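*Asks:* Need coordinates for the below:
(2 chains)
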Amino acid sequence: GAVVSQHPSWVICKSGTSVKIECRSLDFQATTMFWYRQFPKQSLMLMATSNEGSKATYEQGVEKDKFLINHASLTLSTLTVTSAHPEDSSFYICSARDRTGVKYNSPLHFGNGTRLTVT
Amino acid sequence: QQQVKQSPQSLIVQKGGISIINCAYENTAFDYFPWYQQFPGKGPALLIAIRPDVSEKKEGRFTISFNKSAKQFSLHIMDSQPGDSATYFCAASRGSGNTGKLIFGQGTTLQVKP
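*Replies:* Residues are numbered from 1 along each chain as shown, chains lettered A, B, ... in the order given. The predicted structure follows:
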C-alpha cells in the first residue's frame, strides 16, 4: 500500500533555532501534500496545503513566515519551523494523496509524524 | 460550517462488545467521510470511508452508518478487541481529485477491556 515517510520521527531543538521536517511519498507521486499539527490528546489541525511547484496555501491563523513549506518534487515536501519557540512544541504530521489518474477522493495517507520539542 | 463534531470523547467497552462513535457535520458540500485510527506516537491510519450516496459500508468488523438528511455518520466496531484500543477520528472533505482537505473531528479514545 501507499507509504508516506516522515523524517525525523522526533527532534529536540533550542529556542530560536530552525528545524526542517521532511515528508516523502515512497511509492506514489503526490501533487498535493497536507501538513497537520496535533497537540497532546487533541485533534489534527490542518496547517497548510503543499502544492508541487507552487506556493503553499496556509490555513487561517498559521504564520507562513514561521512555517515554511517547500514542495520541490512530486515525492517530497518539507516543513521548516523557523525561530522555534517552546509553544511550537507539537506533533507534526504530513499526508499525501496518490495523484495517479486523479482518483476521486483517493485515500489520504499519513506519515508517522514528527515530535518536535523546543527547549 | 467547517466543523465536524465527534462524540463521545472517550469510550470504555468490554471485549466482544460493540463500540459506537458518532459524528455530525454542517457543511452539505462535504462528500467524503473517512474514519482514522491512531495509536500513540503514530500517524492516523485509514480504517474505512464512505460517500454520501450510500447509507452503510462494512469492512470486516468495522461499519460506517451514514444519515445524509441528519448530516450524521457513525462508526461501529463489532466484537471489539483490546487491540482496537486507540484514538479514532472521523473526518470530512469536499471536492474531487487531490485537492480535498480533510477536516477532523475531536477524536474518541477507545479502551477495550479484556
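*Asks:* separation between the closest residue in space to residue A:3 that isn't next to it in sequence and residue B:26?
*Replies:* If the residues on either side of it in the chain are set aside, residue A:3 comes closest to residue A:26, at 4.3 Å by CB to CB, 6 or more residues apart in numbering or on different chains. Every residue, glycine included, has its C-beta placed from N, CA and C. Distance, residue A:26 to residue B:26, by CB to CB, to the nearest Å: 36 Å.
*Asks:* same deal with residue A:44?
*Replies:* According to CB to CB, residue A:44 stands 19 Å off from residue B:26.
*Asks:* These two - which one has more neighbours?
*Replies:* More crowded of residue A:44 and residue B:26, by other CB atoms under 10 Å in any protein chain shown: residue A:44, with 26 against 13.
*Asks:* Run a quick neighbour tally on residue A:5.
*Replies:* The burial count assigned to residue A:5 is 15, neighbours taken as other CB under 10 Å.
*Asks:* tell me the SS of it?
*Replies:* Secondary structure, DSSP: H, G, I helix; E, B strand; the rest coil: residue A:5 is strand.
*Asks:* For it, which residues are in contact?
*Replies:* By CB atoms under 8 Å, 6 or more residues apart in numbering or on different chains, the contact set of residue A:5 is A:23, A:24, A:25, A:26, A:111, A:112.
*Asks:* Distance check, it against residue A:112.
*Replies:* When CB to CB is applied, the distance between residue A:5 and residue A:112 equals 8 Å.
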